[in-house]
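> What shape does this take:
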Amino acid sequence: MDPRIWHKSYPKGVPTEIDPDKYGSIPHVVRETCKRFADNPCFHNMGVTLSFKQVDELSAQFAVFLRKDLGLQKGDRIGLQMPNILQYPVALFGALRAGLVVVNTNPLYTAREMEHQYKDSGVKAIVIMANFASKLQEAMPALAQGGTPPKVVVTELGDLFPTFKRILINAVVKYVKKMVPAFSIPGSVSFRDAMARGAAADAMPDAEVASSDLAFLQYTGGTTGVAKGAMLTHRNIIANMEQSAAWMGPRFVEGEEIVVTPLPLYHVFSLTVNCLLFMRYGAKNLLVTNPRDFPGFIKLLQTEKFTVLTAVSTLLNALMSQPGFESINFKNLKMTVAGAMPLQRAVAERWKELTKTTIIEGYGLTEASPTVCCNPVDGSERVGSIGLPFPSTDVRLVDDDGAPSEEGKPGELVVAGPQVMKGYWKRDDETIKVLREGWLYTGDIAQIEPDGFVRIVDRKKDMILVSGFNVYPNEVEDVVAKHPGVAEVGAIGVPDEKSGEVVKIVVVKRKPEVTAEELIAFCRESLAGYKVPKFVEFRTELPKTPVGKVLRRALR
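Residues are numbered from 1 along each chain as shown. As a prediction, this is how the structure comes out:
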């Protein structure tokens, strides 16, 4: 078999190779793009729009603050913990322009989850939205042990609004502030003050950054286990951005696209595709802070002439059932892209019926920055398939011993390309499990059809996928096992119409009086909501291997 049989199925105008060295760094992309589209709208949120020129100026000011006021040096790690608000891209690009390594963090994390990620990455600073700062306050004593605690910048919803035309109703800001839990983090700085300090200081050139330098520590469980930081370089991210641009480019017009962004920018799919790819195209990016506020989300879709929508399958499914959906005008919509989780066939079919547009499904993983495969955008997509490998991407199928699978037979999907990560942060033992001779072992079982289209047919890894977010059984089991009433536990994913999968735990009791409700409440104290078990089953014993490891496949 021709090792790159998928090339013959590429749509017209899509190259088989890209130049991963077109830009020297992500700040290079930011500076060049902001100069080209200076007066165009760049990011929009809650009635306020930043132009490309303003994003350039503000991110440069924030970079100055990080270097001069906080004393951060090239290579230091900085945590960003915000939903989709205007401060996120300003802080993101500012941190990268300062030569820092960004550690994206889910703002809904519990103190325990923050503690693990921030201690593991060794962050020197954290930018967090005030609504979530009380959890960070709980984690700070642990983060301060054995050294200097990270410096904290706290942002509130209206921090950037006074800088520009105030069209956000003050009452909205006041309402949100009422919802902010009380917190006290000594030495913390407000985002507004940080921006003022950066603006008042003398300007300075961006830090010198090489394409091989780290840009992100993007935390993931990998194929199994505790969350690890995937080391993504500037070149990794730029390569995947250029691959996406080559794949989707024939459909886009520079400076004219309007993209809707409901998936959080701290998620690697939204980060690379929405934040960077569409910025490169000079697109207006509509940031949706809370996509589950369906009335607000639908109002945005009713008022904007959007051309691209990216989302997860479950969100699209929920959106179609909301009042007012039928009044949205989809005539300008060129493309809907589904990522982060498998696209359900019923959702794809209903979406096409109601909007007269198709959903383009892709496949990726954090370790590949993230996209590996995508369906063509020329109308030849294949529902149920993850599409064709990206330009400059090689894939192959292997058996359990790493040998090539028999032609036509399923095997583990392994990937090579410029978007593949450098490795896991400080985890050489885990890196060698998934990176071998330049190939990334995905843990997904796939089949490659004669024309090169790829289908995922099974999952070798135990990961649970809840609305596009990875949940690792080990983490859930570690929390449940701490309950004094639990002797043994196994965590698995079970199908769910709303979120694709939800977490279920199977428990052997140590104390007969323990209840399912008690265990679920116990988990809420230590796990983000999407990781909390929705179902609990009690058994007298769990299936195990001869060496005593719980057989999750048998539980499923």
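
> which element is residue 494 on?
Assigned by DSSP states H and E, residue 494 belongs to strand 486-496.

> Next SSE downstream of that strand?
With elements assigned by DSSP H and E, the helix or strand that comes after strand 486-496 is strand 500-509.

> Go through that next one and flag the buried ones.
For strand 500-509, the neighbour count (16 or more other Cβ atoms under 10 Å) marks 500, 501, 502, 503, 504, 505, 506, 507, 509 as buried. Just so you know, the C-beta spots here come from the backbone N, C-alpha and C atoms, and that holds for glycine as well.

> which residues of the stretch 151-300 of the chain score low on pLDDT?
161-178, 221-225 (pLDDT under 70).

> How about the contacts made by the nearest residue to residue 59 once chain neighbours are set aside?
In this structure, residue 59 finds its nearest non-sequential neighbour in residue 93, 3.7 Å apart by Cβ to Cβ, 6 or more residues apart in numbering. Contacts for residue 93 (Cβ atoms under 8 Å, 6 or more residues apart in numbering) come out as 26, 27, 30, 55, 59, 62, 63.

> hang on, residue 93 in a helix?
Yes: with DSSP: H, G, I helix; E, B strand; the rest coil as the criterion, residue 93 is located in a helix.

> now, the most widely separated pair of the contacts of residue 93?
With Cβ to Cβ as the measure, no two of these lie farther apart than 26 and 62, at 14.7 Å.

> Now for the nearest residue in space to residue 181 that is not next to it in sequence, how many residues are close by?
The shortest distance from residue 181 to any non-neighbouring residue, by Cβ to Cβ, 6+ apart, is to residue 134 (4.0 Å). Per other Cβ atoms under 10 Å, the neighbour tally for residue 134 reads 15.

> Likewise for residue 11?
The number of residues packed around residue 11, counting by other Cβ under 10 Å, is 14.

> For it, give me its contacts.
Counted by Cβ under 8 Å, 6+ apart, residue 11 has contacts 250, 376, 377, 378, 380.

> Packing partners of the longest helix seen in the chain?
Taking DSSP state H as the criterion, the chain has its longest helix at helix 234-248. In terms of contacts (3 or more Cβ pairs under 8 Å, 6 or more residues apart in numbering; DSSP states H and E), helix 234-248 is packed against helix 26-36, strand 214-220, strand 371-374.

> which residues are contacting the last one?
Strand 371-374 is contacted from outside by 240, 243-244, 247, 269, 272-273, 339, 360-365, 386-390, 393, 395, 413, 415, 417, 419, 442, 454, using Cβ under 8 Å, 6+ apart.

> Run through who's touching the helix or strand following it.
Downstream of strand 371-374, the first helix or strand assigned by DSSP H and E is strand 388-389. Strand 388-389 is contacted from outside by 4, 6, 9-10, 372-376, 395, 415, 452-454, using Cβ under 8 Å, 6+ apart.

> In TSV, list the residues you listed along with pLDDT and distance to residue 518.
Formatted as TSV, the contacts of strand 388-389 follow (pLDDT from 0 to 100; distance: Cβ to Cβ, whole Å):
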residue	pLDDT	distance to residue 518
4	91	55
6	96	51
9	95	54
10	95	55
372	98	42
373	97	43
374	95	44
375	94	45
376	93	50
395	97	46
415	98	43
452	94	51
453	95	48
454	96	44
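
> so can I have JSON lines of these showing distance to residue 475 and neighbour count?
Below are those laid out as JSON lines (distance: Cβ to Cβ, whole Å; neighbours: other Cβ atoms under 10 Å):
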{"residue": "4", "distance to residue 475": "38", "neighbour count": "13"}
{"residue": "6", "distance to residue 475": "35", "neighbour count": "23"}
{"residue": "9", "distance to residue 475": "39", "neighbour count": "17"}
{"residue": "10", "distance to residue 475": "39", "neighbour count": "18"}
{"residue": "372", "distance to residue 475": "25", "neighbour count": "28"}
{"residue": "373", "distance to residue 475": "28", "neighbour count": "27"}
{"residue": "374", "distance to residue 475": "30", "neighbour count": "23"}
{"residue": "375", "distance to residue 475": "32", "neighbour count": "25"}
{"residue": "376", "distance to residue 475": "37", "neighbour count": "20"}
{"residue": "395", "distance to residue 475": "29", "neighbour count": "24"}
{"residue": "415", "distance to residue 475": "25", "neighbour count": "25"}
{"residue": "452", "distance to residue 475": "36", "neighbour count": "20"}
{"residue": "453", "distance to residue 475": "34", "neighbour count": "23"}
{"residue": "454", "distance to residue 475": "29", "neighbour count": "24"}
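
> beta partners of the nearest residue to residue 530 once chain neighbours are set aside?
Sequence neighbours aside, residue 466 is the residue nearest to residue 530 in space, at 4.6 Å (criterion: Cβ to Cβ, 6+ apart). Beta-bridge pairing for residue 466 (DSSP bridges): residue 469.

> Any idea how many residues pack against residue 466?
Neighbours of residue 466 (other Cβ under 10 Å): 23.

> circling back: of the contacts of residue 11, just the buried ones, PyMOL syntax please.
Buried residues among the contacts of residue 11 (16+ other Cβ under 10 Å), as a PyMOL selection:
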select buried, resi 376+377
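
> Most widely separated two among the contacts of residue 11?
250 and 380 (12.6 Å).

> Could you pull out the strands in the stretch 301-450 of the chain for me?
Secondary structure of the stretch 301-450 of the chain by DSSP state E, counting those that start in this stretch: the strands cover 308-311, 335-338, 359-364, 371-374, 388-389, 394-398, 411-416, 423-424, 435-436, 439-448.

> With respect to burial, which of the ones you listed scores highest?
Scoring the strands of the stretch 301-450 of the chain by mean neighbour count under mean count of other Cβ atoms under 10 Å gives strand 388-389 as the most buried, with a mean of 30.
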